[in-house]
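Asker: model this:
(2 chains)
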Amino acid sequence: MARVGRAIIFPGLLLLLLVSVALATAVGPVHIPLSNIFKALLLPIPFLGPLVGEPPGWVITVVWRLRLPVAAMALFVGAGLSVSGAAMQGLFRNPLVDPFIIGISAGGAFGWVLALTLTRDLEGVPIYAVRALFSFIFSLLAVIGAYTVAKAGGRLSLNNLLLAGIAVSATLTSVTQVIIYMFSETPSQLIFSLMGSCSNSLWEEVAIVAPVVLVGTAVLMALSRDINALSFGEDDARGLGVNVERSKAAVLGLSCLVSAVSIPFCGMIGFVGLIVPHAARRLLGPDNMTLLPASALLGASFLVLCDLISRSALDITLPLGMVTGVLGGGFFLYLLAVKRRVPA
Amino acid sequence: MIRASGLRAGYSSDILVLDGVDLNVRRGELLGIMGPNGSGKTTLLRCLYGSILPFKGVVELDGCDIGTLPSKDVARRIAVVPQETEPGFDFRVGEVVTMGRYPWMGWWRGGRNGHAAAVTEALERIGIPHLRDRPMSELSGGERRLVYIARSLAQSTQALLLDEPTRGLDVRHALSIMITLKRLCRDEGLAVVAVLHDLDTALRYCDRAILLKDGGVVSRGVPEDVLSPENISTAFGVSSSIHRFEGRMHLEVLG
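Answerer: Residues are numbered from 1 along each chain as shown, chains lettered A, B, ... in the order given. As a prediction, this is how the structure comes out:
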């Protein structure tokens, strides 16, 4: 696949995102005619809104209170996971890395299960809030643990961070499984919830995730040259004027924050951060200045569509992480099969 | 321009790679670093641009301790062509050479036109403008070498540090790189430090030379003296002779 001009790619990705969001708002348990969907979507736009007319009140409620926050959540979570994956792959010079691999996901799952187990017999505890807090804190604690080990001796060794992250993940995953096995009365339900979901998202939650993702993406883009230089190795990056230790810590911290912010609200949605950057790299090449925003847009569309599929493919709502795994895994295999140029 | 004194350096505190090395390179001068494998040449180069800090001793860049300078300031004055560098991803030649402009770019890559001109000039100077849109993975080892040299020129510095600049290059390219380096010294007053394995090349192009062995200096001075048969024998354990042919000195390794 040739790298196509940026001039076409970015408007194309934006269009894809708009269409994905429109689709996501159009599909749901209650059938709403497309004309009414568009009327509801265009309603707040000056001039255009009044021009197309107002849909029935219940349509506005369904679109704006139920479906759009879910689509918006999927959008920002997908963008955040993808941007952090792209940045981490550049930093580690390794196309198989994303923040989940170095502990975010295992830590999040541990906190999630721990919170549910601890609050099980307590009355009047806001379980949802405790779960959100625990999963977020433990996801970051897991990475901080791995980071501390890898930083021993002064300089941060990225190789050791990767190994330590995998070790921390393996340990926490085992402990999580023990907790589920010993204490959970509904293990299958719990395991389902661990695989992530954007349904039931509220605007209040989107308002927390969105700024973190937007600011994080902007700062990572400002660091894109450092990431480019670091993908030639630390010695070379230093020769190009990169403050190596500071940049590594900044890229790592931002990547982890941008992906961990989704965990309290949506759980562990795997695979997005791993595969979306690959697809974006095929479109635009490895320059992080364009790769990061392209990954954000592509990842946003991907997760909005995956969420749509998870809600509408079967009679039950599938866990989002299951859909991203199946679709993403399949797409990834396809990319590997058709690729000519080795990205690494 | 770059002055190193009393360098003791290594990668773990119990093994010293450099043990008391002094070095001074002035503007307009091509300094060759020679020595057998493992004698500390690359480590010395790394110390000179602050990629590793010596345990003892100091590297001064225009009189300032390099350890106290921000890395960006160093990169505006010293460009580096590392020995072997493998990009993690498949960048294009133009993108790689543009990275030489990074130390000069503002927060959002301001002044694109000036940077593009510097990149074009660097590519033309090394004779590879036709490679600009090629991915690095499709280039030969020698062509990649040329790309990194072009990148270092795009960096518009007053000093160049090159680790085996001619390795993997065919005779024509090797010759033209050495002539380019020589011109940069003479005409534009750059300070150039190059690790060279080809002693004959060193003899022919270097203004001064420094010969290392086991992290220490065997000899320093004009190449003809540094590469004397006695010194070559001490450093490499081989016999050699320098002879003149058609007005030019040649170094022949005898065995």
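Asker: Could I get the buried residue list for the one helix or strand A:Leu13 maps to?
Answerer: Element membership of A:Leu13 [criterion: DSSP states H and E] is helix A:6-26. Residues of helix A:6-26 classed as buried by neighbour count (16 or more other Cβ atoms under 10 Å in any protein chain shown): A:9-10, A:13, A:16-17, A:20-26. For every residue, glycine as well, the C-beta is placed using N, CA and C.
Asker: Is it possible to get a markdown table of those that adds distance to A:Val77 and pLDDT?
Answerer: Formatted as a markdown table, the buried residues of helix A:6-26 follow (distance: Cβ to Cβ, whole Å; pLDDT from 0 to 100):
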| residue | distance to A:Val77 | pLDDT |
| --- | --- | --- |
| A:Ile9 | 22 | 91 |
| A:Phe10 | 21 | 92 |
| A:Leu13 | 17 | 95 |
| A:Leu16 | 17 | 96 |
| A:Leu17 | 14 | 96 |
| A:Ser20 | 13 | 96 |
| A:Val21 | 13 | 94 |
| A:Ala22 | 19 | 92 |
| A:Leu23 | 17 | 92 |
| A:Ala24 | 13 | 92 |
| A:Thr25 | 17 | 91 |
| A:Ala26 | 20 | 91 |
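Asker: For A:Gly153, give me phi and psi.
Answerer: phi 100, psi 10 (degrees, to the nearest 10).
Asker: so which strand or helix has B:Asp90?
Answerer: Residue-wise, B:Asp90 maps onto no helix or strand under DSSP H and E.
Asker: Surely it is in contact with B:Arg134?
Answerer: No - with contact defined as Cβ atoms under 8 Å, B:Asp90 and B:Arg134 do not form a contacting pair (10.4 Å).
Asker: coming back round to it: pull the residues that contact the helix holding A:Leu13.
Answerer: A:32, A:34, A:37-38, A:40-41, A:63, A:67-68, A:70-72, A:74-75, A:283-284, A:290, A:293-294, A:297-298, A:300-301, A:304-305, A:307-308 (Cβ atoms under 8 Å, 6 or more residues apart in numbering or on different chains).
Asker: cutoff 6 Å now
Answerer: Contacting residues not belonging to helix A:6-26 are listed as A:37, A:63, A:67-68, A:71, A:283, A:297-298, A:300-301, A:304-305, A:308 [Cβ atoms under 6 Å, 6 or more residues apart in numbering or on different chains].
Asker: pLDDT value on A:Leu254, please?
Answerer: Listed pLDDT for A:Leu254 reads 96.
Asker: Repeat that for B:Arg109.
Answerer: pLDDT, read off for B:Arg109, is 56.
Asker: What of B:Val97?
Answerer: For B:Val97, pLDDT reads 96.
Asker: buried stuff in the helix ranked longest in chain B?
Answerer: Counting by DSSP state H, the longest helix found in chain B is helix B:171-188. Neighbour-count burial for helix B:171-188, counted by 16+ other Cβ under 10 Å, picks out B:173-174, B:176-178, B:180-182, B:184-185.
Asker: Considering only the residues you listed, which also neighbour chain A?
Answerer: Among those, no residue is within reach of chain A (Cβ under 6 Å from any Cβ of the partner chain).
Asker: need those in a markdown table with pLDDT, can you?
Answerer: Below are the buried residues of helix B:171-188 laid out as a markdown table (pLDDT from 0 to 100):
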| residue | pLDDT |
| --- | --- |
| B:His173 | 90 |
| B:Ala174 | 92 |
| B:Ser176 | 91 |
| B:Ile177 | 92 |
| B:Met178 | 94 |
| B:Thr180 | 92 |
| B:Leu181 | 94 |
| B:Lys182 | 94 |
| B:Leu184 | 92 |
| B:Cys185 | 94 |
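Asker: Find the closest residue to chain B in the stretch 201-344 of chain A.
Answerer: Nearest to chain B, among the residues of the stretch 201-344 of chain A, is A:Gly241, at 2.9 Å (Cβ to the nearest Cβ).
Asker: Could you tell me whether that residue really is in a strand?
Answerer: No - according to DSSP: H, G, I helix; E, B strand; the rest coil, A:Gly241 belongs to no strand; its state is coil.
Asker: Find the residue closest to it in space, skipping its chain neighbours.
Answerer: B:Ala75 (2.9 Å; Cβ to Cβ, 6 or more residues apart in numbering or on different chains).
Asker: which ones are touching the closest residue to A:Gly103 other than its chain neighbours?
Answerer: Nearest residue to A:Gly103 in three dimensions, chain neighbours excluded: A:Ala142, at 3.4 Å (Cβ to Cβ, 6+ apart). By Cβ under 6 Å, 6+ apart, A:Ala142 lies in contact with A:103, A:106-107, A:168.
Asker: Out of those, list just those in strands.
Answerer: Among the contacts of A:Ala142, none falls in strands (DSSP state E).
Asker: which of these has the most neighbours?
Answerer: Per-residue neighbour counts (other Cβ atoms under 10 Å in any protein chain shown) across these peak at A:Gly107, which has 34 neighbours.
Asker: That one contacts A:Phe138, doesn't it?
Answerer: Yes - if you go by Cβ atoms under 6 Å, A:Gly107 and A:Phe138 touch, sitting 4.3 Å apart.
Asker: surely the residue of the stretch 201-344 of chain A closest to chain B meets B:Ser71?
Answerer: Yes - using Cβ under 6 Å, A:Gly241 is in contact with B:Ser71, at 5.3 Å.
Asker: With neighbour numbers in mind, choose between these two.
Answerer: Ranked by neighbour count (other Cβ under 10 Å), A:Gly241 and B:Ser71 place A:Gly241 first, with 27 against 23.
Asker: Now do the more buried one against A:Gln177, distance only.
Answerer: 47 Å (Cβ to Cβ, to the nearest Å).
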